[in-house]
Every structure is written in structure tokens, then in C-alpha cells.
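Visitor: missing the sequence, but the structure's below:
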Ligand code: PEP
Ligand code: MG
């Protein structure tokens, strides 16, 4: 039986994008094309009539939005629905409305022209803002601007679509997403947008699989085409072959089977049958995922990839902006822990220097960049400290290679603490400092490194890459990217035992933690904390609650003796059978 990787590798009909909301669906496409608004620039003679038209359009827009707001509250809860409340406030803004009316009187132009011009100015201001939040709000304003103009032109918004379709569109406003979803939409696909786009956030709240940022799905997919959407991996297969349909039907059935009764695990502890509790925390890439973290019952955030903020903004936020982002997350997750990882830039991630490095993965990345750019690092450290008043934040350094780097980083952190004390700004004096263990040299020295910090988190994505000398994103060598290679599992074992010798806590936050096949082995190797994408937590919990820790330990001891990856995986597969635990490998 082929796996996802193989199916997608050989597919000629594939489109890829960003996996924005999990799930697999097969259905027909509804190509949602939006009419481009033509703005009438002509002059008017009857000012009173124009102002009356404006009032009517505003009234109608408000009525429509109130309806959308109440549907949204019902479907997504009040917090998420607040997007629409903000739009309603714009419609009620007396300064904006009177400015538009004044201009209609003085310029004697069509109200749609003035509305477009006046609201676009607002938008421009927000788009140019350095704050991600403001940039996002600029899109909401686009939505409200179009709504008023459409109502001035007395055009109807098309929200009736065939039931059970997958909606493919250039982009989707929050209102589009909510209204279309009422027709039992099976999936959303957009050309534009990232993980934080409203289509993505709303899809996650509504549990509708979604792939965004495909660039050209609307040109490659036709109305009525049959497609498969894989919201776990961010792939779309257009007019799939029989083999592809069969494969995904199999996956959907397994998913349904696995999801049965999963809800009962959300609030249950991740405890083995012989009573060992495992902490299951969440990896968070964008703040929008926080709802998923909470609804999936995660024990805090084990990895917050702050470099994603830079991907969103395209630049470094200043100290105040960062403080606000971190403090907000800390309050949302309180009383659980929030592990903030310092910007992990360079390599394949956010490009920091213009210089093209011949070997970026072995070059200036992670902590190396931060130590070379002290101001940048200090801004983040100060922001993290200032946001730490709830005392539930811990700070983690990426890509540590040597003990000297830890010393240097700690000196800078101390410097920031001193500055804040002088400035009489309060912060958590005991904020824990940890490191990512993802470079072989650091793994070898695990005990000494652990001695320097409060906690260790194993980053298997990079650790495997560097240990096996295999680019984590290169298909040509993906066969050598082996999670279960004895070298990898012996290294993890070494890190865990060495860290425990100095009584420091150790967790694992690479993708391996979400591989259901790996879970018994990792627990048997002594890991008592795992961090994974929020959607995978309940699956992991289900397995843990069927496991015996003693048996997992015996399994790990056995696997540590093997010399090939094949032997390890075969033994683990057998373990699942012996213990009658069903699982789907890499379903997510
Ligand atoms: C890792 O390397 O395992 C990890 C969790 O970090 P990232 O994937 O962000 O490099
Ligand atoms: Mg890493």
C-alpha cells in the first residue's frame, strides 16, 4: 500500500498550497468568482437624493452584517465572531459617515466614488501599518467597502451555491466564508492568503478542510471538476484517477473510524494504563491556532515558532508589538505554559541576510544569527520578559551548537533583566530558559548543556537532518530521512538519559512526536513530554491511554539493540498488533 508521500510524488494532477484546516474531502468544485466593482465617477445634481441612497445602503449593509454576525456567533462562538462586530463598528463610525456626506455635498460626485475613496484612505493607512493585526483589519475594511458600494449599486451578493461543494476562489472574505459554509461546503481553497487569513481561521473553527496560498488553483480548476482536498498536507488532486480516489476513500474511512469517540479524550489525561502521565503540549506556528490548542485539550504550548510572525509581517516587529503578541498568548493559555522560541531564522526559514549562503542549513541560522545581531535578540528577550507577568512563559533558544553559545545568550538575557530592573519594569525573575537540542554536537554534550539551562526540547526535524546528513526538504534523499534509524533513536535515548541525570526536564517537539508509530517508542525511551500540532493531540492521547509504560519501555530497550530502520519499524508495528492498538500512521 502506498503512503501519502508516494501518492503525491507521482501525481501529475496535483496543486499544492498551505494546509490551513485539517481533513480530507472528495467532491465537486464550485468556482466562486467575484464580480469586480466598477466605480461610477460621474457628477450628480441631486445631493439630497445621493445622501438618501447612501443612508439606505448603509442601513442595508448593517442589516446584512447583523445577520452574518448572528450566524457567526452561533457557528463559531462570540470570540471568533468579533471580526464582524468590528465591521459593524465601521458602519457606525460618525466621523467617517459625516466625512463622506460632506464630500458628497461639496464635490457633487456619486456616493460610491466618495465611499470608495474615503474608505480606501483608511485601508491604505492600515496596510502601511507595521502591526500584523492592523494589516489584517485592512482586509475587513475591503469587505465592508465592497458591501456598501454593492448596496449603493443595488446589486445582490451571490451566496447561493450548490450544496456539498468545495469552494475554490481567488480569496475569501470572512463574510463569504461564513455565508457559503451554510450550504454544507465540504472544503475551501484559495489562491491567496496564509494560515492567518480569515478563510483559514474560520475553516479551522468550522472544521472544514482548507488549503490556502495555492497561487493558481482558480486557473487550474474548473467549475464542476471533481477534486480531492487534503487539508492535512495542503494538496489538491484535480479530476483524480481511480487509484487516487480509492486511496483517499480508504483514508477517509480510517479517519472516520479514528475520530469515533475521540472527543472523550479531549479532557482526559494522557495517562498510560499503568499510570504514567505524559504531558502533551502543542506546537503553534501562528497565534490564530490558539483556539485549536485549547479545544484539543493541549497541556500548554511546547513550541511557539516566533519566526512565523516575521513571515506574516515581512519585517521585525518592535519591542512593544512583540510584547503585546506574547502577553496576549500568555494570557490566553494561562494557567498552562507558553514556550516561546527565539526567532529561528536563516536556513530554509525567514531570510535575514541578503547574502546567498552556499550551504544555508550549515550557515548563519538560529541562535548564530541572534548572537551576531545583539539588538535584534535583545528586543525579543526584553519583549518576552515584559510579557512574562503571568509567570507562565518559558524562553527557548534554537539551533544551539556549543556550550559557549549558551553562555553568550545567557549573558545577553541577564543584561536585559538588569535593564528592565533599572527601568522599573516588572517581569518574571524566575522565567525558565531552555534550548532546542537539534544539532549532533549538542546531543553528544547533552548533559553538560542541560546543566546550563532549565529544560531541553528535542527538535527531531533538524536533529535527523544533521545526524543523517540529509536535507529535510529534499525529495531526492527523502529515503534517508529516517525517524526510526537506530542512530536517531539511540541519540534521542542518549539526550533523555543524560538530561535526566542532571534532573532537568526534557521534551520532544519535532514532527516525530505526531507520528503515531513513534509514540510508544518515544515514551519507552523516557520522554514524559511531547509537543505536536494541535490537531494531532487527541490521536496521540488515544494511543497513550491504551499503552502500558512498562511494555513501551521494554519495546524501546529492544529497539535500541537493532541496527536497521526496518527492524525498528517492524518491531513497533508488531507491538501495536500484540497490544491490539489500532492506529493510522501519518494520517495527519
Ligand atoms: C525541529 O527542528 O524539530 C523543530 C521543532 O523546529 P523547526 O521544525 O521549526 O526547525
Ligand atoms: Mg529546528
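Guide: Structure's in. What do you need? Computed from a prediction, not measured in an experiment: that's the story for all the values here. Ligands and ions are numbered 1, 2, ... in the order given.

Visitor: all contacts plus neighbour counts: C-alpha atoms, from now on.
Guide: Will do.

Visitor: quick one: the helices in the stretch 351-500 of the chain?
Guide: 367-372, 374-386, 403-422, 440-444, 446-452, 460-468, 486-501 (DSSP state H, counting those that start in this stretch).

Visitor: which helix or strand contains the residue lying closest to residue 78 once chain neighbours are set aside?
Guide: Spatial nearest neighbour of residue 78, excluding adjacent residues (Cα to Cα, 6 or more residues apart in numbering): residue 72 at 7.8 Å. In this structure, residue 72 is located in helix 47-76 according to DSSP states H and E.

Visitor: with mean pLDDT added, can I get the helices of the stretch 351-500 of the chain in JSON lines?
Guide: Shown next, in JSON lines, are the helices of the stretch 351-500 of the chain (pLDDT from 0 to 100):
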{"stretch": "helix 367-372", "mean pLDDT": "96"}
{"stretch": "helix 374-386", "mean pLDDT": "97"}
{"stretch": "helix 403-422", "mean pLDDT": "98"}
{"stretch": "helix 440-444", "mean pLDDT": "98"}
{"stretch": "helix 446-452", "mean pLDDT": "98"}
{"stretch": "helix 460-468", "mean pLDDT": "95"}
{"stretch": "helix 486-501", "mean pLDDT": "98"}
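
Visitor: check the offset of stretch 236-249 from the chain's centre.
Guide: When distances are taken as Cα atoms, centre = their mean, to the nearest Å, stretch 236-249 is centred 26 Å away from the chain's centroid.

Visitor: again, but for stretch 210-223
Guide: Averaged C-alpha coordinates place stretch 210-223 at 20 Å from its chain's average position (Cα atoms, centre = their mean).

Visitor: buried stuff in it?
Guide: Judged by neighbour count using 16 or more other Cα atoms under 10 Å, the buried positions of stretch 210-223 are 210-218, 221-222.

Visitor: packing partners of the helix holding residue 72?
Guide: For helix 47-76, the elements it packs on are helix 78-91, helix 94-107, helix 111-127, helix 132-152, helix 174-181, helix 198-206, judged by 3 or more Cα pairs under 8 Å, 6 or more residues apart in numbering; DSSP states H and E.

Visitor: if we go to 6 Å?
Guide: helix 78-91, helix 132-152 (3 or more Cα pairs under 6 Å, 6 or more residues apart in numbering; DSSP states H and E).

Visitor: next, the buried residues of the first one.
Guide: Meaning helix 78-91. 80-81, 83-85, 87-88, 90-91.

Visitor: still on that earlier bit, now do the helix holding residue 72, average pLDDT.
Guide: Helix 47-76 carries an average pLDDT of 89.

Visitor: next one: stretch 242-256
Guide: 89.

Visitor: how far off centre is it?
Guide: 25 Å.

Visitor: who in the stretch 401-550 of the chain is up against ligand 1?
Guide: Counting by Cα under 6 Å from any ligand atom, the stretch 401-550 of the chain comes close to ligand 1 at 459-462, 509-510.

Visitor: what two of these are the furthest from one another?
Guide: 462 and 509 (10.7 Å; Cα to Cα).

Visitor: ok, the two, which is more surrounded?
Guide: A side-by-side neighbour count of residue 462 and residue 509, using other Cα atoms under 10 Å, places residue 509 first with 25 against 22.

Visitor: pLDDT score for the more buried one?
Guide: Taking residue 509 on its own, its pLDDT is 95.

Visitor: checking the closest residue to it other than its chain neighbours next. Helix, strand or coil?
Guide: The spatially closest residue to residue 509, leaving aside those adjacent along the chain, is residue 531, at 4.5 Å (Cα to Cα, 6+ apart). Here residue 531 is recorded as strand under DSSP: H, G, I helix; E, B strand; the rest coil.

Visitor: spit out the contact partners of residue 531.
Guide: Residues near residue 531 by Cα atoms under 6 Å, 6 or more residues apart in numbering: 280-283, 302, 509.

Visitor: neighbour-wise, which of the residues you listed leads?
Guide: residue 282 (31 neighbours).

Visitor: for it, what are phi and psi?
Guide: For residue 282, the backbone dihedrals (degrees, to the nearest 10) come out as phi -110, psi 150.

Visitor: give me the subset of the buried residues of stretch 210-223 lying in helices.
Guide: Here DSSP state H is the test, and the buried residues of stretch 210-223 give 217-218 as lying in helices.

Visitor: which of the buried residues of stretch 210-223 fall within strands?
Guide: In strands, defined here by DSSP state E, the members of the buried residues of stretch 210-223 are 210-212.

Visitor: how about residue 316: what's its closest non-neighbour residue?
Guide: Nearest-residue entry for residue 316: residue 310, 5.9 Å, with adjacent residues in sequence omitted and distances by Cα to Cα, 6+ apart.

Visitor: so what's the residue in the stretch 451-588 of the chain that ligand 1 sits nearest to up against?
Guide: When scored by Cα to the nearest ligand atom, the stretch 451-588 of the chain has residue 459 as its residue closest to ligand 1, at 3.0 Å. Counting by Cα under 6 Å, 6+ apart, residue 459 touches 437-438, 509-510.

Visitor: scan those residues and report the most crowded one.
Guide: Most neighbours among these, by other Cα under 10 Å: residue 437, with 32 neighbours.

Visitor: identify the bridge partners of that one.
Guide: residue 458 (DSSP bridges).

Visitor: the chain should start at 36 in everything you say after this.
Guide: Will do, 36 is the new start, and the previous item becomes residue 472.

Visitor: for it, give me the pLDDT.
Guide: Confidence at residue 472, expressed as pLDDT, is 98.

Visitor: how many residues are close by the nearest residue to residue 523 once chain neighbours are set aside?
Guide: Nearest non-adjacent residue to residue 523, counting by Cα to Cα, 6+ apart: residue 499, 6.6 Å away. Look at residue 499: counted by other Cα under 10 Å, it has 28 neighbours.

Visitor: now stretch 182-198: buried residues?
Guide: In stretch 182-198, counting by 16+ other Cα under 10 Å, buried: 182-188, 194, 196.

Visitor: ok so, going back, quick one: closest of the helices of the stretch 386-535 of the chain to residue 221.
Guide: In terms of Cα to Cα, the element of those nearest to residue 221 is helix 495-503, at 32.0 Å.

Visitor: residues making contact with the closest one?
Guide: Residues contacting helix 495-503 (Cα under 6 Å, 6+ apart): 473-475, 506-507, 545.

Visitor: how far away from the center of its chain is it?
Guide: Remark: helix 495-503 is offset 22 Å from the chain centroid, using Cα atoms, centre = their mean.

Visitor: I am finished for the moment; much appreciated.
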